[in-house]
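Colleague: Next comes the sequence, and after it the predicted model I'd like to discuss.
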Amino acid sequence: MTKIEYPNLMEDSIVYNIQYVMGKDYVYLVDKKDGNVGSFSLTTGQLLVNNYSDHRGIRKFIAGPLSSCHVVLTYDGTIFENGKEVVFFSTDPQPNILRAACCGRGSILASSHDLYARGGDNVFFVFSEKFGDYNQNVSSTQFVHIAKFEHEIRDIQCGYFHTVVLLQNNELFACGYNCLNQATWDNSSGEIKQFTKIQYSFGYIERFGCSSRGTWVVSGEYFVLLLLIFLR
């Protein structure tokens, strides 16, 4: 067991302001009051603290339990991924990002109707021609527009290699593959065609989430685990 030395952690008034979030190789300590994010490495034991008070503080902090990425949405509209300010690919003006999710080694940003992705090996590296050849890894430095939906995006969640989008009209769309080798594209070519609408009949979705193997949905009195939603 390793003791994490964090600024002001011993002050009782500060302890209760800290949110603990698990990542793949990190434990994140999020202090929205003071605008601090501490990234504690589980491999090296080192703690790196980034402060976002110059950007009016932290509006949302997003990470994934299997992801090597984390995203900070600040109150002044600036977006950071892994402590670095986000750059969009050929987008002027920059989109108004409302939510985000993190997959294995990449991140997905969502505005009201659009998705933007970046990552060394996330599910979207061949989704758009703008990404170029995978070996060139164009998407490793910039967020690229990958999808637009007719209805407003209500929520977005990622597994290790798949992403699920919930729209305001209660429709679910999925893209990617999971550990059961269930996919929305032809594995022989590796080309992702599009987000696939998930057909279901269990009513209004209250909330949902993703693991590496699938997606769970809570709808009224029902809890549904969708392991087969990515089958072609």
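Modeller: Okay, I see it.
Colleague: switch to C-alpha atoms for all contacts and neighbour counts from now on
Modeller: Fine.
Colleague: Okay, now the unreliable bits of the chain?
Modeller: Residue ranges of the chain with pLDDT under 70: 1-17, 90-92, 120-141, 177-194, 213, 221-232.
Colleague: Could I get the full set of helices for it?
Modeller: 12-15 (DSSP state H).
Colleague: would you put the C-alpha positions of stretch 83-91 in CSV?
Modeller: Extracted C-alpha coordinates of stretch 83-91, given in CSV (Å, rounded to 0.1, in the frame of the first residue of the first chain):
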residue,chain,number,x,y,z
GLY,A,83,-2.6,17.9,-19.2
LYS,A,84,-2.2,19.3,-22.7
GLU,A,85,-4.6,21.8,-24.4
VAL,A,86,-6.7,20.2,-27.1
VAL,A,87,-6.1,21.1,-30.8
PHE,A,88,-8.8,20.4,-33.4
PHE,A,89,-8.1,19.4,-37.0
SER,A,90,-9.3,22.1,-39.4
THR,A,91,-12.2,23.3,-37.3
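Colleague: Mind listing what's buried along that stretch?
Modeller: Gly83, Val86, Val87, Phe88, Phe89 (16 or more other CA atoms under 10 Å).
Colleague: Residues contacting it, please?
Modeller: Asn50, Val71, Val72, Thr78, Ile79, Phe80, Gln94, Thr141, Gln142, Phe143, Val144, His145 (CA atoms under 8 Å, 6 or more residues apart in numbering).
Colleague: one step back: okay if I get the buried residues of stretch 83-91 as TSV plus distance to Phe161?
Modeller: Listed next are the buried residues of stretch 83-91 as TSV, based on distance: CA to CA, whole Å:
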residue	distance to Phe161
Gly83	22
Val86	21
Val87	22
Phe88	22
Phe89	22
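Colleague: Out of the residues you listed, give me the two with the largest separation.
Modeller: The largest separation in the buried residues of stretch 83-91, counting by CA to CA, is between Gly83 and Phe89 at 18.6 Å.
Colleague: quick one, what contacts Ile108?
Modeller: Applying CA under 8 Å, 6+ apart, the residues near Ile108 are Ala100, Ala101, Cys102, Leu115, Tyr116, Ala117, Arg118.
Colleague: Kindly state the beta-bridge partners for it.
Modeller: Counting by DSSP bridges, Ile108 forms beta bridges with Ala101, Ala117.
Colleague: Could you report the separation of it from Tyr75?
Modeller: Counting by CA to CA, to the nearest Å, the gap between Ile108 and Tyr75 amounts to 19 Å.
Colleague: swap in Pro95?
Modeller: Pro95 is 15 Å from Tyr75, by CA to CA.
Colleague: Now do the contacts for the residue nearest to Ile79 when sequence neighbours are not counted.
Modeller: Nearest non-adjacent residue to Ile79, counting by CA to CA, 6 or more residues apart in numbering: Leu73, 4.9 Å away. Neighbouring residues of Leu73 by CA under 8 Å, 6+ apart: Ile58, Arg59, Lys60, Phe61, Ile79, Phe80, Arg99.
Colleague: 10 Å instead?
Modeller: By CA atoms under 10 Å, 6 or more residues apart in numbering, the contact set of Leu73 is 52, 55, 57-62, 79-81, 97-100.
Colleague: I'd like to know which of the residues you listed are buried.
Modeller: Listed as buried from the contacts of Leu73 are 52, 55, 57-58, 60-62, 79-81, 97-100; burial here means 16+ other CA under 10 Å.
Colleague: Redo these as a markdown table? Include distance to Phe202.
Modeller: Formatted as a markdown table, the buried ones among the contacts of Leu73 follow (distance: CA to CA, whole Å):
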| residue | distance to Phe202 |
| --- | --- |
| Tyr52 | 41 |
| His55 | 42 |
| Gly57 | 39 |
| Ile58 | 35 |
| Lys60 | 30 |
| Phe61 | 30 |
| Ile62 | 28 |
| Ile79 | 35 |
| Phe80 | 37 |
| Glu81 | 35 |
| Ile97 | 30 |
| Leu98 | 27 |
| Arg99 | 25 |
| Ala100 | 26 |
